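>>> Would you be able to build a 3D model of this:
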Amino acid sequence: MRSAAGRPTRVSTSSSLTRSRAKQPSSGDNLEVLRAQQDVAAAYAAHHAEARVLLLRLRDRLDAIEAEDDWDTKRKVVETLVTTIRAETIGEDHRKQARRTIGDACAERQALNVVGPGKLAPSRPSARSRTER
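Below you'll find the model as predicted:
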């Protein structure tokens, strides 16, 4: 409603403000959302701390394998992590070059996208898949 001067009346302003407040979440709702976000952040922090401890243990174990020069264990680690080794010859005659591609299990899990029923295609090249020329 508007007054004769064309300004909103006190009643219309009050009801408009009441409708506006009804649409906004209450401070209790906001607090609940913040607590949920805090719980998620705490879970991520715990996961990160656990992963850090596991990686430190792995580093120590790999250092021990290297110090012992344990070739059997080194071979098993490489067999577990390396999924593909390809050698390609590029060019002809005296301009031939060899291109070697080594793919690892972590990169291949991240680099494949489904493009159709039963079809996989690589996405962008992964930093973990190394190609040498």
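>>> mind listing the helices for the chain?
10-23, 27-68, 71-81, 105-111 (DSSP state H).
>>> Packing partners of the second one?
By that I understand helix 27-68. Here helix 27-68 touches helix 71-81, going by 3 or more Cβ pairs under 8 Å, 6 or more residues apart in numbering; DSSP states H and E. Using the backbone N, CA and C atoms, a C-beta is placed for each residue, glycine as well.
>>> neighbouring contacts of the helix it packs on?
If you take Cβ atoms under 8 Å, 6 or more residues apart in numbering as the criterion, helix 71-81 is touched by 62, 65-66, 104-106.
>>> Can you list the low-confidence ranges for this protein?
1-25, 107-133 (pLDDT under 70).
>>> try it again with 90
Across the chain, the ranges flagged by pLDDT under 90 are 1-33, 77-133.
>>> Buried ones only from the contacts of helix 71-81, please, as a ChimeraX command.
Restricted to buried positions by 16 or more other Cβ atoms under 10 Å, the ChimeraX selection for the contacts of helix 71-81 reads:
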select :65,104
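>>> Looking at the contacts of helix 71-81, which is nearest His48?
Nearest to His48, judged by Cβ to Cβ, of those is Cys106 at 17.6 Å.
>>> what's the distance between the closest one and Val82?
11 Å (Cβ to Cβ, to the nearest Å).
>>> I'd like to check what contacts stretch 83-95. Which residues are they?
96-105, 108.
>>> can you put these in a markdown table and add distance to Arg75?
Shown next, in a markdown table, are these (distance: Cβ to Cβ, whole Å):
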| residue | distance to Arg75 |
| --- | --- |
| Lys96 | 31 |
| Gln97 | 29 |
| Ala98 | 24 |
| Arg99 | 25 |
| Arg100 | 19 |
| Thr101 | 20 |
| Ile102 | 15 |
| Gly103 | 18 |
| Asp104 | 15 |
| Ala105 | 16 |
| Glu108 | 20 |
